[in-house]
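*Asks:* Next comes the sequence, and after it the predicted model I'd like to discuss.
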Amino acid sequence: MRAANRFKVQVIPFTNGMIAFCGPTTPAPTICVHLSRMNRVLNIDEDNLCATLEAFADYGQLHAEAMKVGLWNGGSPLATTLCKMSSQTAFAGIWQTDLKYGTLTRNIISTKVVLPTGELLVTGSEAVSGVDDFWEYGPGPDLAHLPFFANAAYGIATKMMWQLFPIPWGSQSIWAYYNDFKTPLIAVREFMRREIGKGVSIIDLWTHSAYFSETIDESRILAKMAPKIFLGLSIEGTERTVAYQTKIASQIITESGGRIAPPELVECYRGHEVNSTGWQQSNSPRILKHLGRTLAAGTYLAVNVYEEFSDRMEKILLHDLEGEIDGYWNHPEPGFGEYAGGPQTYLCQFGHTNGAIEYIFAWDHRHHKNTQNMVRIATEIKKVPDAMGAGPLVLGRDGSLPKIMGTNYDVARKLKSLLDPENIMSPGIAFLQ
């Protein structure tokens, strides 16, 4: 890094592709640093409930080592097969669908980062020389999450300390049916107020059908039979905690107009958040297989404006682009003339009525008109989160970021200029030139 900084050579860290490899933005010489050999879980600290690991270690490794001593990482095990810690944390941790544990990056206790100048930045309690015990927030500014703000724009993480949690004694999934998108949001807000549950998700019928089906025909059959909206809630804790929260959650769902699915149907809802201890999302391959081509606009918003977000999306797809989209809206039959869309929300955190919401638009592979208009459709639906002043799910090279993030983006740019004065680290990938 010192040599690259001295001779102004671009450096782009690379993991396994979860972060898009955008490549250099100028014809300047570039060094690509692959982190695959930094793949060890170095230590599990049972007493202080934390783990020390290298940046390329994945969730599967961490989960396996932690469970040997009765601990776990508290989040979604999506990364077991799809990505490494370094890329997942840079991805803002959106897949950790947790009320209870917060976003993935909140579980980072400390980091060691090689800055573009070659200096070593140590954050958190590890920054204090001679301290062997760790606490969540060390002395000085909280810079533990800094390297993961913008796809390695600040440096290369070599080591991080990760918070662990006791494995819950019991767990339970609840699924409920709703006829519209507004009423389950009432239940979600009440879950947050009452601190009920570990994770929550709201899914429209088309997305739900694609997630839970093994074949495309099964997906269509389920779509014919399904209610418009599904709410999934995960509960964990002691047996008494699970029993109590299940009772309260059932009352909240019923009072908000939902119908609770019987246990045998919950058991059928495989492949998504059925495993409430893991509360996993491993859905993308099925979406692509069953729905064909997909576009999604996702953002962070307060729960009370989710309905507005969904309404704006449907107005664009059903009215503004009416002559440019081919097919029958949410039609459950195979063949030509088929496209679907609907909202999905997840990642609601205790203490905040914030979460992530996306609107998925999908169409049959044979819809040539929709495929030809893909860029036009994507451009239009992207205007909704921009207009609502929402934060993006991920940080990347996006012209709307300065407007969306405002002062935060300006501060991040200033930090970038201080830590990387020659702008050699991932230039143009995380911050606009």
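*Replies:* Good, I have the coordinates. Numbering: from 1, shown residues only.
*Asks:* where's Gly355, which helix or strand?
*Replies:* Using DSSP states H and E, Gly355 sits in strand 354-363.
*Asks:* List the buried residues for that strand?
*Replies:* 355-363 (16 or more other Cβ atoms under 10 Å). Yep, even glycine has a C-beta here, placed from its N, CA and C like the rest.
*Asks:* what's the answer for stretch 376-383, then?
*Replies:* So stretch 376-383, judged by 16+ other Cβ under 10 Å, has buried residues 377, 380-382.
*Asks:* Out of those residues, flag the one nearest to Pro116.
*Replies:* Nearest to Pro116 among the buried residues of stretch 376-383 is Lys382, at 31.3 Å by Cβ to Cβ.
*Asks:* hang on, isn't the closest one packed against Ala296?
*Replies:* No. Distance between Lys382 and Ala296: 10.2 Å, which falls outside the contact criterion (Cβ atoms under 8 Å).
*Asks:* just the helices in the stretch 51-200 of the chain please.
*Replies:* Using DSSP state H, counting those that start in this stretch, the helices of the stretch 51-200 of the chain run over residues 59-67, 79-82, 85-90, 182-194.
*Asks:* Quick one: list the elements packing against the first one.
*Replies:* Under the contact definition 3 or more Cβ pairs under 8 Å, 6 or more residues apart in numbering; DSSP states H and E, helix 59-67 sits against strand 41-45, strand 50-54, helix 79-82, helix 85-90.
*Asks:* angle of the helix or strand hosting Lys382 against strand 354-363?
*Replies:* Following DSSP H and E, one finds Lys382 within helix 374-387. Interaxial angle, helix 374-387 versus strand 354-363 (axes from the mean of the first three to the mean of the last three Cα atoms, to 10 degrees): 160 degrees.
*Asks:* Give me the contacts around helix 374-387.
*Replies:* With contacts defined as Cβ atoms under 8 Å, 6 or more residues apart in numbering, helix 374-387 is touched by 293, 295, 297-299, 301, 309, 312-313, 316-317, 320-321, 324-325, 359, 361, 370, 392, 400, 403-404.
*Asks:* Which of those are buried, as a ChimeraX select command?
*Replies:* ChimeraX command restricting the contacts of helix 374-387 to the buried ones, with burial defined by 16+ other Cβ under 10 Å:
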select :295,297,298,299,301,309,312,313,316,317,321,325,359,361,370,392,404
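*Asks:* and the contacts of helix 374-387, which of them are in strands?
*Replies:* 293, 295, 297-299, 301, 359, 361, 392 (DSSP state E).
*Asks:* Just give me the closest of the residues you listed to Thr254.
*Replies:* Among the ones in strands among the contacts of helix 374-387, and counting by Cβ to Cβ, the member closest to Thr254 is Leu301, at 26.6 Å.
*Asks:* Could you tell me what pLDDT the model assigned to the closest one?
*Replies:* Listed pLDDT for Leu301 reads 80.
*Asks:* hang on, it packs against Gly389?
*Replies:* No. The pair Leu301 / Gly389 is not scored as a contact, 9.0 Å apart, by Cβ under 8 Å.
*Asks:* pLDDT below threshold where in this protein?
*Replies:* Within the chain, the ranges that satisfy pLDDT under 70 run 15-27, 59, 74-99, 102-106, 130-151, 267-290, 331-337, 347-354, 390-409, 429-433.
*Asks:* What is the nearest of the buried residues of strand 354-363 to Arg240?
*Replies:* Gly355 (28.0 Å).
*Asks:* what bridges to that closest one?
*Replies:* Leu301 (DSSP bridges).
*Asks:* Check the one 4 residues further on too.
*Replies:* The residues listed as beta-bridge partners of Tyr359 by DSSP bridges are Ala297, Pro343.
*Asks:* The residue lying closest to Glu324 once chain neighbours are set aside: neighbour count?
*Replies:* Nearest residue to Glu324 in three dimensions, chain neighbours excluded: Asn373, at 5.0 Å (Cβ to Cβ, 6 or more residues apart in numbering). For Asn373, the neighbour count with other Cβ atoms under 10 Å is 18.
*Asks:* Now that Asn373 has come up, it's in contact with Gly323, right?
*Replies:* No. Look at Asn373 against Gly323 with Cβ under 8 Å: they stay out of range, at 10.0 Å.
*Asks:* Please report the distance of the residue nearest to Glu324 from Asp311.
*Replies:* 22 Å (Cβ to Cβ, to the nearest Å).
*Asks:* For stretch 255-267, buried residues please.
*Replies:* For stretch 255-267, by 16+ other Cβ under 10 Å, it's 256-258, 260-261, 266.
*Asks:* Give me the contact list for it.
*Replies:* So stretch 255-267 is contacted by 173-179, 183-184, 186-187, 190, 227, 231, 250, 253-254, 269, 274 (Cβ under 8 Å, 6+ apart).
*Asks:* Could you export that stretch as CSV, CA atoms only?
*Replies:* The C-alpha coordinates for stretch 255-267 follow below in CSV (Å, rounded to 0.1, in the frame of the first residue of the first chain):
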residue,chain,number,x,y,z
GLU,A,255,-56.5,-7.5,15.9
SER,A,256,-54.8,-6.0,12.8
GLY,A,257,-56.9,-8.2,10.5
GLY,A,258,-54.5,-11.0,9.8
ARG,A,259,-55.3,-14.8,9.8
ILE,A,260,-52.6,-17.0,11.3
ALA,A,261,-51.5,-20.0,9.2
PRO,A,262,-51.9,-23.4,10.8
PRO,A,263,-48.6,-25.2,11.9
GLU,A,264,-48.8,-27.7,9.0
LEU,A,265,-48.7,-24.9,6.5
VAL,A,266,-45.9,-23.1,8.3
GLU,A,267,-43.9,-26.3,7.9
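*Asks:* Please shift the residue numbers so they start at 10 in all later answers.
*Replies:* Yep, numbering from 10; the last one is stretch 264-276 now.
*Asks:* sorry, back to before: mind checking which of the buried residues of stretch 264-276 are in helices?
*Replies:* Val275 (DSSP state H).
*Asks:* Now distance to Lys423 too, for the buried residues of stretch 264-276, in TSV please.
*Replies:* As requested, the buried residues of stretch 264-276 are exported to TSV (distance: Cβ to Cβ, whole Å):
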residue	distance to Lys423
Ser265	45
Gly266	48
Gly267	47
Ile269	51
Ala270	50
Val275	50
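*Asks:* Just the buried ones from the contacts of stretch 264-276?
*Replies:* 182-187, 192-193, 195-196, 199, 236, 240, 262, 278, 283.
*Asks:* quick one on the thing from earlier: okay, angle between the strand holding Gly364 and helix 191-203 too, please.
*Replies:* Using the same axes, to 10 degrees: strand 363-372 against helix 191-203 is 150 degrees.
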